[in-house]
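**Student:** next one to model:
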Amino acid sequence: MSITNPNSKNVLQRFLSSIWSKLFLTLLIILCIYTAFTIKNTIDELEYVLTPPTLVEYEDLPVEYINQTGWGKNDSEWFYHASQGTATIPIPSQWFTALEAPKSSPWFLPFGQEKKFLEEYVYQLGFIKSPNNVLPIGMATTPSMYFEGVDREETAVGFTCAACHTGQLTKNGTRYVIDGGPATTDLGLFTSSLGAALGQTILSSKLNIMNGRFERFSQNVLGSNNNVVTRNQLKKDLAATLKNIATQQDVIHVTEGFTRLDALNRIGNQVFANDEPYHGNYQPIDAPVNYPHIWTTSWFNWVQYDASIMQPLIRNTGEALGVAAFVETQKSDIPAQDLVQFSSSIPVANLYDIERWIAGTYPDFDSSNPRINGLQAPQWPGAFTKIDAEKAQNGADLYLELCQTCHLPTMDKPEFWRDHWATIEYTQHNEQKETVEKYIDVKIIPLQVIDTDPAQANVLTHRTVNTKNLDLNVDVCTWSPKEIQADVNPQPRNPSELTYVDFRDSSNTSFALALGAFVQHTNNQWFAQNYINEQQQPLYEGLRPNCLQAGKGYKARPLNGIWATAPYLHNGSVATVYDLLSDERPIFIELGDLEFDDRHIGITQSEHVKQLNKNANHLPVKHMEDYDQGRFILDTREPGNFNTGHLFSERDGNRKTIGRKLSEEEKLALIEYLKTL
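**Tutor:** From the prediction side, this is the model:
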């Protein structure tokens, strides 16, 4: 039996009816209004979107690493976190590890605590958990990097080669990690999510009460130095950093989405447009490509989708510059200015080790079974649907008929090793030269033949940059111009050849040659600062000249491991190989779902996107939302996203084809064979 004191009720009633209760309620209302106005005004002042994008929940599944061990270092984990001297994440490492994930709305900021950004949240953006590192696969720390917002040097976190070239897929409740495969990240969503998390932390710092998010952040960052002075300085540094980030937002003409990146334009913007006085060199993002897979790539004579770069070190240093490695472009006043300009944070020795880990040692052509012993193409997992041997054999005949002309014989065939490796011939200082070793002579298919979306292939042919006062004057290798045929007494015209030319600064020069010259200077500076002599330099450069080309078309690489590289075509506009082999392809594809379709080999498509395709004729071009419930919806009607070309169809005079129309049985047989490569 409970006894209630009637006096206590009377006291409460008297208080509620008293002037003090009214005053208390008034103060509470004023406090709520004040807090709301503070949040509203701060959001307006920050000039940054503090509401993060909608993301799909992360599934923490069992993980299997498909065995593709590279040569050189002991395991993949070294490759996952080998620094390239980059500061891609625009905040110090301490901040990044202390940062909480953003709330779904800044108005919810005073209520509750979120997990760290680097816990589940970052994996919702397509990154992959590292086995033994708090950072995801493809992120590494670099000490002594300058941050403009804090006006000092701090340890930075930046992307590595593995950030773009480690893939993942899920099947039957297991996550499969594929070394060298295409990444599944969405850089645009990552940038907006990081900005929202940082902005909400600043917003919290401006609240005098209910500012727990900032208090937790400052405690994690400052530790025992957490006091009123250091907290106030941290508030200022946060605000200055976000303001700096806000001024560097990209102009997006074609949304990249999950699994895609406009790498060439981003590298060009980072190298030629981010520093004064070269902002006029900026190019909007308009030519996304699927992150390329990199096994076998080290032995190609030309790399990149558009076959534009020859030398591995030029490719890798250019990539490091594109993900925010530091390089000094300003000339010094001291006499030895050439030893100051182009000094960079890039550890070229690491780039060399990464390349060797991927490449392996030079193949033994005299062996009865020559092979590439570096990073291997992934083998079809035993847990997947078993390969039908009879169908695969029929598919092998179809490969010989339809694919081999462009993609070369498969690597288990003697003719691949005998007929499709060649030395590289070029001219330097009027002297004919030839590489010591042979490389895979990849086929380059002109645009007018392959008929796929031209956006990426046109970047290097159409884009120009202003390099005045950069002192890029250096020799680079490209195709010599063909001599004009004379009308009178015509002489045989010299064939075009690779030759070193004297590149000079200009206000309107070729982006391709300018990039090659810029990267060459950066590498030369590292050689000078690290006392690498002229005999050693070619080893770092992969024993290949710095040759560049533009406008040749798209490269047709060998198809080993192609089953693990969806989506397809260079711009990722086709979800499965089955659709690629069909003469009619879905207009909309959904990217961001990792579930693997092992019948059609590619990305599983939701019922939502299937319904979109049924209604495609009634949906507007360029006016649809890019995302739906956390998935990216790619509209292939937009320039840059075209899914045309590489077509197997009946010739009708309106569409270019590369092969005849395939029956259902033939498509499935060819797919079965591709699983074996």
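
**Student:** how far away is the closest residue in space to residue 122 that isn't next to it in sequence from residue 241?
**Tutor:** Take residue 122 and drop its neighbours on the chain: the residue closest to it by C-beta to C-beta, 6 or more residues apart in numbering is residue 136, 5.8 Å away. Every residue, glycine included, has its C-beta placed from N, CA and C. With the distance defined as C-beta to C-beta, to the nearest Å, residue 136 ends up 21 Å from residue 241.

**Student:** what does residue 618 give?
**Tutor:** Relative to residue 241, residue 618 is positioned 45 Å away (C-beta to C-beta).

**Student:** neighbour count winner among those two?
**Tutor:** residue 241 (20 against 6; other C-beta atoms under 10 Å).

**Student:** got a list of what the nearest residue in space to residue 245 that is not next to it in sequence touches?
**Tutor:** Nearest residue to residue 245, sequence neighbours excluded (C-beta to C-beta, 6+ apart): residue 90, at 5.3 Å. For residue 90, the contact set (C-beta atoms under 8 Å, 6 or more residues apart in numbering) comprises 147, 149, 194, 241, 244-245, 248, 324.

**Student:** restricting to C-alpha, output the helix or strand residue 94 falls within in PDB.
**Tutor:** In this structure, residue 94 sits in helix 93-98 according to DSSP states H and E. Coordinates of each C-alpha in helix 93-98 appear next as PDB, following Å, rounded to 0.1, in the frame of the first residue of the first chain:
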ATOM      1  CA  SER A  93      44.500  13.400 -39.400                       C
ATOM      2  CA  GLN A  94      43.600  14.100 -35.800                       C
ATOM      3  CA  TRP A  95      40.500  15.900 -36.800                       C
ATOM      4  CA  PHE A  96      39.500  13.200 -39.300                       C
ATOM      5  CA  THR A  97      39.700  10.400 -36.700                       C
ATOM      6  CA  ALA A  98      37.900  12.500 -34.100                       C
END
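
**Student:** residues touching it, excluding its own?
**Tutor:** By C-beta under 8 Å, 6+ apart, the surrounding residues in contact with helix 93-98 are 89, 116-118, 134, 141, 154-157, 217, 220-221.

**Student:** by neighbours, which of these wins?
**Tutor:** Tallying neighbours with other C-beta under 10 Å puts residue 156 at the head of the contacts of helix 93-98, with 28 neighbours.

**Student:** dig out what that one forms beta bridges with.
**Tutor:** Bridge pairing for residue 156 (DSSP bridges) gives the partners residue 142.

**Student:** does it touch residue 139 like I think?
**Tutor:** No: with contacts counted by C-beta atoms under 8 Å, residue 156 stays clear of residue 139, the gap being 10.3 Å.

**Student:** what is the end-to-end distance of stretch 163-180?
**Tutor:** 10 Å (C-alpha to C-alpha, to the nearest Å).

**Student:** from the centroid of this structure, which residue is nearest?
**Tutor:** Nearest to the geometric centre of the chain sits residue 164, at 4.5 Å (C-alpha atoms, centre = their mean).

**Student:** got the contact list for that one?
**Tutor:** Contact analysis of residue 164 by C-beta under 8 Å, 6+ apart lists 138, 182-183, 185, 261, 263, 291, 319.

**Student:** could you list the buried residues of stretch 110-123?
**Tutor:** Residues of stretch 110-123 classed as buried: 110, 114, 116-118, 120-123 (neighbour count, 16 or more other C-beta atoms under 10 Å).
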